[in-house]
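Asks: After the sequence you'll find the predicted model.
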Amino acid sequence: QSRDTIQIAGSSTVLPFASIVAEEFGAAFPEFKTPVVGSGGTGGGLKQFCEGVGDNTIDIANASRAIKDSEREACTAAGVTDIREIQFGYDGIVFASAASGPDFALTPLQVYKAIAAKVPVDGALVDNPYKKWSDIDPSLPDQDISLAIPGTNHGTREVFQLEVIDAGAEEAGLPEGLTEEEHTAALTTFRQDVVVEISGDYTETLARLTSNPNTVGVFGLSFYDQNKDTLKVATVNGVVPSNESVAAGEYPVSRPLFFYVKGQHIGTIPGIEEYVQFFLSEAAAGGSLEAAGLIPQPEEKTAEVLAAFEAGAQ
Amino acid sequence: MNPTDALERPIRLHTKDVTVHYGAKQALHGISIDIPDRAVTSFIGPSGCGKSTFLRCINRMNDTIEGAKVGGLIELDGENIYDPSLDVVELRARIGMVFQKPNPFPKSIYENVAYGPKIHGLARSKTDLDEIVVSSLRKAGLFEEVKDRLNEPGTGLSGGQQQRLCIARAIAVSPEVILMDEPCSALDPIATAIIEELIDELRENYTIVIVTHSMQQAARVSQRTAFFHLGNLIEEGVTEDIFTNPINKQTQDYIMGRIG
Amino acid sequence: MNPTDALERPIRLHTKDVTVHYGAKQALHGISIDIPDRAVTSFIGPSGCGKSTFLRCINRMNDTIEGAKVGGLIELDGENIYDPSLDVVELRARIGMVFQKPNPFPKSIYENVAYGPKIHGLARSKTDLDEIVVSSLRKAGLFEEVKDRLNEPGTGLSGGQQQRLCIARAIAVSPEVILMDEPCSALDPIATAIIEELIDELRENYTIVIVTHSMQQAARVSQRTAFFHLGNLIEEGVTEDIFTNPINKQTQDYIMGRIG
Amino acid sequence: MTDMLSTTQPSDERTRLIRASLARRHLSEAIFRGLGLAAIILALGFVALLFTDIVRKGIPAFTQSNLHLSVTFDPAVIDVDPAPVRTADQSEADFRAASLKWQRDVAMLNWNKVIEASLRAAAPAGFDIDTRQLLTIAETDARHRVRELFVNDPSLLGQTVQVDVLASANADNWIKGNINRDLGDAQQQLAAPARALIDQFEANGTITSGFAWSIFTNVDSRAAPASAGLLGAFVGTLWMMMVVILLAVPIGVASAIYLEEFAPKSRLTDLIEVNINNLAAVPSIVFGLLGAAVFINYMHLPISAPIVGGLVLTLMTLPTIIIATRGALLGVSPALRQAALGMGASKTQMVFHHVLPVTFPSILTATILGVAHALGETAPLLLIGMKAFVAAVPATPLDQATALPVQIYLWQGNENRNFFEPRTAAAIMVLLLVMIMLNGVAIYLRSKLEKRA
Amino acid sequence: MNSLIIAGLLLVLLGLAYQSGWSRGRGLATADGVKVHSRPQYHGSYVAIWALLPALAIIGLWGWFGDGITHNFIVSQIPVDAIQALDQVGLNATIARIKALASGYGVAGDVLPYEQSAGDALRSFQFITFLIVVAAAAVAGIVALLYARSRITARHRARNAVERAINLLLLACSGVAILTTVGIVASLVTEALKFFTFINPLDFFFGTVWNPNNAGTAGNWGSYGLLPLLAGTLMITLIAMLVAVPVGLMAAIYLSQYAPRQLRAVAKPLIEILAGIPTIVFGFFALVTVGPFLRDAGNLIGLSINATSALTAGIVMGIMIIPFVSSLSDDILNQVPRTLRDGAYGLGATKSETIRNVLLPAALPGIVGAFLLAVSRAVGETMIVVLAAGNSPVLRGNPFEPVATITVSIVNQLTGDTDFAGPQSLVGFALGLTLFVITLCLNIFALFIVRRFREQYE
Ligand SMILES: Nc1ncnc2c1ncn2[C@@H]1O[C@H](COP(=O)(O)OP(=O)(O)OP(=O)(O)O)[C@@H](O)[C@H]1O
Ligand SMILES: Nc1ncnc2c1ncn2[C@@H]1O[C@H](COP(=O)(O)OP(=O)(O)OP(=O)(O)O)[C@@H](O)[C@H]1O
Ligand SMILES: [Mg+2]
Ligand SMILES: [Mg+2]
């Protein structure tokens, strides 16, 4: 006699979506219990996932990033050999400021210039001279630079680094001849006077904004969506972030969301397969997930993922 | 019974060179005394002279005091009570004790008396137990006063009644010896008189040792008296002799009220 | 000075029908006594008879005890000390007190003595203060023993020294009356003798009231003695008379050691 | 005696000096006293402020908007076979399978159509609103409610019944004004037609507000925020407290008894004593780390289960109970102990027959206070995975669950700030009520005990 | 399931043993002559304990060594050439697969024939060993039962033996507290050591930059300087103590020395309510009420105060600690002997003079100890900081800015999207260890002071 509730843990970004699916799944499938969705972060979820096979390990790990090779190895060593990756959509990452403030139309380059401790000027790295947004670009508001970005314990930070900072730095053109270390440092060293790293959740970022209305914060698209009354979103490269623009690939700052299924539990823990199919199905989950701010992926991608899942171990 | 009879009774308790140390401090300096069967022996002496200490040696209550060390020999019916193989719990069932301040358990009167027989397994049935309780209360002269409220808490009784309850409780396990440490010092004169009368009755069946700070009381209730001073047994003998004709100078002084 | 002189001295303290209740319990039942100037008056009586209670009435220390209620009249030099307009702080500067257990403040010896003058603003300068401290210590017979360690904590002294320090502390505010509640009961005989001698000297300048449980001490140090029993003042008069020729039966019994 | 003259000032000079300083001294006395009173008022003011603030924030959450719909089970929409009826030759299992299959078919229908139809029916004739916007008025669980009605009673097919469902969280926000009603379309959660319709619904009685029973009867919900409730967390907390009571109390009392009554004074007992005093002050989060490392990683107990939470809280509460119990044991009068020993009771009997019963009330009080403290503890639970979304009431301590304080933490971080901020305050009110009740019981017991003693 | 069977078996054994000892003891009592030492209940318990211990020991031994034996058995079931073909990881995976097969869980991919047979063999092996263990336990229990029963005589001291057992049980219970400490230290140290294989301890303890790198950039772990967190912790603690100490101490003084009885009866429990409020509630209060209030107040006087800042968290934490300070101070003040107070009153000191000049100096060591205990509580507080301090691990001295503390970083690192095998999450344990050591030192020091104080006035 084995456990009859699917157990899920992991990323807090995926948590709302997984919770919604879990609830709907429980409602739609009278024969299965509502799965339990724990948080604990992507790392925490994968850690539990990779602890082994059996009743007291989880069945599904939610992740806002792809599993890493080191983690896969740990899994294998513990006997978790059948890991099936499901990518189910995107998370949009937006810049938003207080609703009462001016509009922002940002580009990665501008954000990079606002944030980096040293910026290239005439082929050399100098201390960041910009005080106001308008110093960077006259089209930007005449307002002190102040940014609240996710802390390094967040998956969001990775996307932010990759899609905004790295991209902006490339555009700005870092000087030639930097060593690898210098290069990394140039990309990851931020000005501590204007940048705040938020290790808590988006509520925390929102609190920052309300206390300092000059702040531009980084949020998940869905969080912004639910707090439009206090927040104003910035365009990036002229694109307004929305489900459509992200899904169409026009809005640059987004990341795929995943969950990982322990193949060995399929057939033992009831309902895992149905859960996966339900998660990816158009009718049941698609609607509510979108309403909750998930950015859907192309149908072909979903079909591909589903096929790979059903085909079994990769 | 004539008080001097006590002299001829067999010896129940025999002690030899009993010493007690509390940590570094020596409280008793070699006490040797024989206590006769079915008689009342009283210990008198100024405060702090070691009366209570010696009494506590007899049923090994000193074991419970941290740092107390007892030396010498104490025999009950020829059996060394400090023999390591002897079970002290059993010993205390044989040598009952009544304390200075009445200390009934915070339980019903019935439970107070029944407790001893229960833990020692003296009653085979509920009826047995009832019988023991009633007869003990009766022997302690308390039954008539409390028979209608056996289930009320013992702490609700008056001081004198409480003390008699404690005596009943001690009797209930049918001890051979009863030790009493200033049993009346917390009581008023009337209650004291009742208890003294009771002691006089009990002596027919029990060997009784009583500590008192009142010479009058010692004279009233005991057949033999021992006088302690500064941890020494100064003099002991038939009560009348001690009070009327003390041999020792210190005893004289004490009885005349010159020391203490 | 001849002990009987005390009779002829002017009255310093006059009390009339003083009663004290602790909550529901009445501790004093109307005490009326006159206390003469520059003499030692001692209060004796069995434990719990109300000696301390009465003493505490005199400098209104009973105010600090929750539930204590004082009735009747107490006059210091004809002034009612329970008059609401009277400042109790000032009163206590006039009537000093020394307690049973020496209780020096956890400060240096110097600070202990200087504390009173400081809070009352009696010293205009540091030199003034030094002078007061030295002379008080000297009057308390302590100066020679501690002059090299005035800055060491007062709690480091021996019991007798501590008590003398407390007396010096009381003297330092130049009170008119000094109350002492069993000042020697925590001391050994030698320290007691020193304090008694000191009291004898102090009486030249101060009105002293002392509570003691020792009749001998009362006889030794006081000119007048009052005997308390069960909250009543039974008898008072010149010490010699009280001890040699008590009028009251209870006083007689107490002095003969028959009660208490 | 020359110095005598110099120090014994004339009495009136001395009196003058003393009197001169009196006013100043009494003033400083008054100031000091005033400072003390101010401190009390400040401290009490904080209590009052905290409570009024939370109550003010939380009260609105106890009312909630309900939609009264007449729902028609339209056969055109509910296009399924009739519910299976058990035939004579059918085995129990076959029947169950058939009915499950039927239920799943029912679940696969688009019940939103039914909801949409009833909403449209309630709207004024010809009101123009698109389906998506219309559906944002009712909470998403409305369709499950209606479906369950049908599953329980398939004969409803073709009939029209009155059904009460919750208005959506956003509708509720709009009605209560949690969202500024003057903001433009772009900043509103609901589309303009939906907002207009809600106002009309309110006017015609389709939407009324009532007491939010769902807070007490429902489990947490992400899909349908308006129906999110505390029941699951509450039961989870109950399980944890049960573990705490079953473990911490016996173990705590037993160790206290050992240390106070039996332990010989030795290096070891000294060490244990210091150790226990220390544990009492170890930050709770460290216990969380311990729980994660030992109970979950090493002993492989189920994650986010009340049993693990209970164990962690047990270890955390243990020192408190031990210390309090030792205090109580220490207070038992030696007379009672002597009485028991003098009767020939062994030490063990003395402790268990006499000392423990007497101390029972204070041990109970200490236990209640310890449990109350454990009840409100959050940080260690976060580290052992109790920060999970659990949409079920845990049936055993081994089932996944959250706890009340964790639920508060989760709601506090919910994206829908407008809706969940009041609801968080409401949850806090519930938690505080439980705490105050526990503390009240403890204070009551203590005073009763003191009276008896 | 298995454990249920075992528990049932033990229960039966227990009942049987008790009954047999009891009736034997009872029989002794009826035979007259010798005085019976112990009551039948004790004989019953005596036999029961004797019967239970060997049975438990056998089951315990199996629990200890069983896994190893099972492991060896599985290895023995894998063909030698298959073992040789596998590396350690592969072998473990294979064993896990076999276990999964035996337990009825499916495995992914094709099942090799030898895996299938090993799985079947393992299943029967498990069944048989289970039977053996149960039987052995039962036999041992019964043998012990008989032995114990045979020892019962009238003079047998069953009570003493049972009481010794109870004593041991009590001792074991008080060992739990020790075990907890050992558990804390062991779990923190092992994980922290793993962390220190990634990061140089010197960089951890003396680093001034806290920037654990993103989960994505393996190899570049980032900076793990403790100092910003420590500074944040200290700053919040300092603010909290600045709030709690004056208010708490003055409240204690007022309540214990001035307040009329009725006020004390009301105010004391009301203040103690603060102590019972869960910290998450304080956190919420700080986040939604105190923070915005401070920000607005700051705006009014031209200060830029963040809603979530060291100040917000510190003030609210101070409020939380008030009852802690006040009740400890109250205790300590009450322990100063009355005679000292009387001494001052007797000299004509006013109440406040008595308190300030005599009471407080006398109680000072105790009060300092109490404050240190309060400090250690503030240092370890988590939820208020999680919600209200702003979580900004940057070394700066401005209390109006957000800070991060050790506790909050533990939560963040252990529940974020961090790499569970890397230093990003392991650092949580190193931080926990640091925190543990800090509070340990504070506590020992505080307890030392308080104890010294108590001794002074005993
Ligand atoms: N538990 C103890 N620890 C240390 N010393 C003790 C202890 N009990 C008694 N003593 C000391 O041993 C001596 C004898 O004490 P004991 O109680 O036997 O005197 P006592 O004759 O009963 O006096 P009292 O008439 O006051 O009861 C005294 O000096 C006392 O201080
Ligand atoms: N604070 C108090 N509250 C209640 N009753 C008190 C208080 N202080 C003293 N009493 C009672 O008042 C009565 C007189 O006490 P008091 O201390 O004056 O006696 P005493 O003569 O000084 O005795 P002793 O010689 O023992 O010091 C006693 O019965 C005592 O119990
Ligand atoms: Mg005695
Ligand atoms: Mg007195």
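Replies: Received, thanks. If you're wondering where the values come from, they're calculated on a predicted model, not measured in any experiment. Ligands and ions are numbered 1, 2, ... in the order given.

Asks: For chain A, which residue gets nearest to ligand 1?
Replies: Closest approach of chain A to ligand 1 (Cβ to the nearest ligand atom) occurs at residue A:56, with a separation of 56.5 Å. In this view, the C-beta of every residue, glycine as well, is placed from N, C-alpha and C.

Asks: Could you pull out the strands in chain E for me?
Replies: In chain order, chain E shows strands spanning E:210-212, E:222-224, with DSSP state E as the criterion.

Asks: Format those as TSV; extra columns: distance to residue C:112, mean neighbour count and mean pLDDT.
Replies: Formatted as TSV, the strands of chain E follow (distance: least, Cβ to Cβ, whole Å; neighbours: other Cβ atoms under 10 Å in any protein chain shown; pLDDT from 0 to 100):
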stretch	distance to residue C:112	mean neighbour count	mean pLDDT
strand E:210-212	53	24	81
strand E:222-224	55	20	83
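
Asks: and residue D:428, how many neighbours?
Replies: Counted with other Cβ atoms under 10 Å in any protein chain shown, the burial measure for residue D:428 works out to 26 neighbours.

Asks: related to what we said a few turns ago, you'd agree the residue of chain A closest to ligand 1 is up against residue D:300?
Replies: Yes. Between residue A:56 and residue D:300 there is a contact under Cβ atoms under 8 Å: 5.0 Å.

Asks: Who has more neighbours out of the two?
Replies: residue A:56 (18 against 14).

Asks: OK, contacts around the more buried one?
Replies: Listed by Cβ atoms under 8 Å, 6 or more residues apart in numbering or on different chains, the contact set of residue A:56 reads D:300, D:301, D:302.

Asks: List phi and psi for it.
Replies: Note on residue A:56: its backbone torsions stand at phi -90, psi 20 [degrees, to the nearest 10].

Asks: Now intersect the contacts of residue A:56 with the helices, please.
Replies: Members of the contacts of residue A:56 lying in helices (criterion: DSSP state H): none.

Asks: Specify which member of the residues you listed is nearest to ligand 1.
Replies: Within the set of those, residue D:301 lies nearest ligand 1; the separation is 49.5 Å, counting by Cβ to the nearest ligand atom.

Asks: pLDDT wise, what is the residue nearest to residue D:329 when sequence neighbours are not counted at?
Replies: For residue D:329, the nearest residue in space outside its immediate sequence neighbours is residue D:260; the separation is 4.3 Å by Cβ to Cβ, 6 or more residues apart in numbering or on different chains. On pLDDT, residue D:260 comes in at 89.

Asks: Would you mind giving the secondary structure of residue D:260?
Replies: Three-state assignment for residue D:260 (DSSP: H, G, I helix; E, B strand; the rest coil): helix.

Asks: Quick one: name the residues of the stretch 1-150 of chain B near chain D.
Replies: Counting by Cβ under 8 Å from any Cβ of the partner chain, the residues of the stretch 1-150 of chain B close to chain D are B:59, B:61, B:64, B:66, B:89-93, B:96-99, B:101, B:103-106, B:115-116, B:119-120.

Asks: How many residues are close by the closest residue to residue E:454 other than its chain neighbours?
Replies: By the measure of Cβ to Cβ, 6+ apart, the closest residue to residue E:454 outside its immediate chain neighbours is residue E:335, 6.9 Å from it. Neighbours of residue E:335 under the rule other Cβ under 10 Å: 16.

Asks: how close does residue E:335 sit to residue A:202?
Replies: Going from residue E:335 to residue A:202 by Cβ to Cβ, to the nearest Å gives 50 Å.

Asks: Do a quick rundown of the helices in the stretch 51-200 of chain E.
Replies: Secondary structure of the stretch 51-200 of chain E (DSSP state H, counting those that start in this stretch): helices located at E:80-85, E:88-103, E:113-151, E:158-198.

Asks: Revised request: answer the last question for the stretch 251-400 of chain D.
Replies: Counting by DSSP H, counting those that start in this stretch, the segments of the stretch 251-400 of chain D that form helices are D:267-279, D:284-290, D:306-330, D:334-342, D:347-349, D:356-375, D:379-383.

Asks: okay, the ones you listed in CSV with mean pLDDT next?
Replies: As requested, these are arranged in CSV below (pLDDT from 0 to 100):
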stretch, mean pLDDT
helix D:267-279, 85
helix D:284-290, 91
helix D:306-330, 91
helix D:334-342, 89
helix D:347-349, 89
helix D:356-375, 86
helix D:379-383, 88
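
Asks: Nearest to residue E:45, out of the ones you listed?
Replies: Closest of those to residue E:45 is helix D:347-349, at 11.6 Å (criterion: Cβ to Cβ).

Asks: And chain E, is that closest one touching that?
Replies: Yes. Residues of helix D:347-349 contacting chain E under Cβ under 8 Å from any Cβ: D:347, D:348.

Asks: how about that helix against chain B, any contact?
Replies: Yes. Under the criterion of Cβ under 8 Å from any Cβ, chain B is reached by helix D:347-349 at residue D:349.

Asks: From the contact counts, what lies against that helix?
Replies: Contact partners of helix D:347-349 among helices and strands, from 3 or more Cβ pairs under 8 Å, 6 or more residues apart in numbering or on different chains; DSSP states H and E: helix E:158-198.

Asks: Kindly recompute the last result at 7 Å.
Replies: Packed against helix D:347-349 by the contact rule (3 or more Cβ pairs under 7 Å, 6 or more residues apart in numbering or on different chains; DSSP states H and E) you find no helix or strand.

Asks: Run through who's touching that helix.
Replies: Among residues not part of helix D:347-349, those counted as contacts by Cβ atoms under 7 Å, 6 or more residues apart in numbering or on different chains are B:119, D:261, E:163, E:166.

Asks: re the thing from before, in helices, which of the residues of the stretch 1-150 of chain B next to chain D fall?
Replies: Going by DSSP H, the helices hold B:89, B:90, B:91, B:92, B:93, B:115, B:116, B:119 from the residues of the stretch 1-150 of chain B next to chain D.

Asks: still on that earlier bit, list the contacts of the residue nearest to residue D:329.
Replies: By Cβ under 7 Å, 6+ apart, the residues touching residue D:260 are D:326, D:329, D:330.

Asks: now those as JSON lines including distance to ligand 2?
Replies: Conversion of the contacts of residue D:260 to JSON lines gives the following (distance: Cβ to the nearest ligand atom, whole Å):
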{"residue": "D:326", "distance to ligand 2": "30"}
{"residue": "D:329", "distance to ligand 2": "28"}
{"residue": "D:330", "distance to ligand 2": "25"}
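
Asks: Not counting sequence-adjacent ones, nearest residue to residue E:136?
Replies: For residue E:136, the nearest residue in space outside its immediate sequence neighbours is residue E:58; the separation is 5.2 Å by Cβ to Cβ, 6+ apart.

Asks: distance of the one you found from chain A?
Replies: Counting by Cβ to the nearest Cβ, to the nearest Å, the gap between residue E:58 and chain A amounts to 25 Å.

Asks: That residue reaches residue E:140, doesn't it?
Replies: Yes. Applying Cβ atoms under 7 Å, one finds residue E:58 in contact with residue E:140, separated by 5.6 Å.

Asks: Determine if any part of the lowest-mean-pLDDT helix or strand in chain A is in contact with chain D.
Replies: Confidence across the helices and strands of chain A bottoms out at helix A:287-291, with a mean of 77, counting by mean pLDDT, DSSP states H and E. Yes. With Cβ under 7 Å from any Cβ of the partner chain as the criterion, chain D is reached by helix A:287-291 at residue A:288.
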